[in-house]
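In: kindly generate the corresponding structure for this input.
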Amino acid sequence: MAAFETAAKQTEEVRNRFITRLGEAERRRLLSASRKVELIAGHILYHRSETTEHVYFPERGIVSMVAVTSEGGQVESGVVGCEGALGLVEAMTCSPMFPTATVQAAGVAWIAPADVCREVFSSEPARTLVEEYAQAMLAEARQSIACQAFHRLEPRLARWLLECRERGELGEELHLTQEFLSIMLGVQRTSVTAALASLEQRGLLRTGRARVRLFDIDGLEAAACECRGLIQSYRRQIGC
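Out: Residues are numbered from 1 along each chain as shown. Below is the predicted model:
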């Protein structure tokens, strides 16, 4: 993993929405101890049960948290993009990371030592941001259980493509593999291929090698399952 710089410049624009919600003093303290790093697709940032020594604040790209069974089965249990922080809740409680965290869409992120994060987020109002974020992640995980159990694959796929676009700051062209999408949705790759083909036939997107280009955002919004709106509404409700 290549670092772009050894220390954050206080005047540099910060695109991670979690950091931008901090007060000025807390933000400056966090950035003074942070550096920017490249997020490389396929790179594992944390293995399951690994000690959380750093917190990642993505500005662009997608990190997925994947639960793995002893038989090798994998399913996505959450994603982190420019709205959030990977490992912050674990750092605050000095807990190991439970899922494996893998970069699925390349980008960049700020990385800060866990002990500095505990210092910055230990008192109000910064601590409230952590609590709100933990609530949002828990709500999304709970809704994902219902989503996988009751919703058809095509609306679920439309939802996650939109989430990756927004939270990864990836624009209309998403560099995502079908393997990643199958893990995210908990289905076989052949099922993902069929669902993508159906959305492509409707003129909503076009697929290529490890690439999905979105053409009709409004159409995808209409095709997405209700979970997208429910999670967005809850995030607004708790101010996250």
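In: could I get the least confident helix or strand in the chain by mean pLDDT in CSV with only the CA atoms?
Out: Least confident element among the helices and strands of the chain, by mean pLDDT, DSSP states H and E: strand 74-80 (a mean of 81). The C-alpha coordinates for strand 74-80 follow below in CSV (Å, rounded to 0.1, in the frame of the first residue of the first chain):
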residue,chain,number,x,y,z
GLN,A,74,-18.5,-15.6,2.0
VAL,A,75,-21.2,-12.9,2.3
GLU,A,76,-21.0,-9.2,2.6
SER,A,77,-22.1,-7.8,6.0
GLY,A,78,-21.5,-4.1,5.3
VAL,A,79,-19.6,-1.6,3.2
VAL,A,80,-17.7,1.5,4.0
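In: heads up, I number from 571, so please use that
Out: Will do, 571 is the new start, and the previous item becomes strand 644-650.
In: and the contacts of that strand?
Out: The set of residues external to strand 644-650 that reach it, using Cβ atoms under 8 Å, 6 or more residues apart in numbering, is 626, 628, 632-638, 656, 669, 671, 674, 707, 710-711, 714, 733-734, 737, 753-756. (C-beta placed from N, C-alpha, C; glycine too.)
In: that one: partners in the sheet, and parallel or antiparallel?
Out: Strand 644-650 pairs in its sheet with strand 624-638 (antiparallel), by DSSP bridges.
In: show me which residues of the partner strand are buried.
Out: 624-637 (16 or more other Cβ atoms under 10 Å).
In: check stretch 706-722 too.
Out: 706-707, 709-710, 713-714, 717-718.
In: how's this protein carved up into domains?
Out: 587-693, 717-808 (automatic domain parsing).
In: low pLDDT regions in this structure?
Out: Residue ranges of the chain with pLDDT under 70: 571-582.
In: number of residues surrounding residue 616?
Out: Using other Cβ atoms under 10 Å, residue 616 is surrounded by 23 other residues.
In: can you check the one 4 residues further on too?
Out: If you count neighbours by other Cβ under 10 Å, residue 620 ends up with 16.
In: secondary structure class for it?
Out: Judged by DSSP: H, G, I helix; E, B strand; the rest coil, the three-state class of residue 620 is coil.
In: what distance do you get for the residue located most distally from the centre of the chain to residue 652?
Out: Distance from the C-alpha centroid of the chain, by Cα atoms, centre = their mean, peaks at residue 771 (28.1 Å). Here the criterion is Cβ to Cβ, to the nearest Å. By it, residue 771 lies 31 Å from residue 652.
In: hey, where'd the strands end up in the protein?
Out: Assigned by DSSP state E, the chain shows strands spanning 605-609, 614-616, 624-638, 644-650, 670-683, 743-744, 775-778, 781-784.
In: so which of the ones you listed gets nearest residue 698?
Out: strand 624-638 (17.1 Å; Cβ to Cβ).
In: quick one, that closest one and strand 605-609 angle?
Out: Angle of strand 624-638 versus strand 605-609, following axes from the mean of the first three to the mean of the last three Cα atoms, to 10 degrees, is 30 degrees.
In: how about the contacts made by residue 711?
Out: Neighbours of residue 711 in contact, by Cβ under 8 Å, 6+ apart: 647-648.
In: so how far is residue 669 from it?
Out: In terms of Cβ to Cβ, residue 711 sits 10 Å off from residue 669.
In: gap between the longest helix belonging to the chain and the chain center?
Out: Identified as the longest helix of the chain according to DSSP state H is helix 696-720. Its chain's C-alpha centre and that of helix 696-720 lie 12 Å apart, by Cα atoms, centre = their mean, to the nearest Å.
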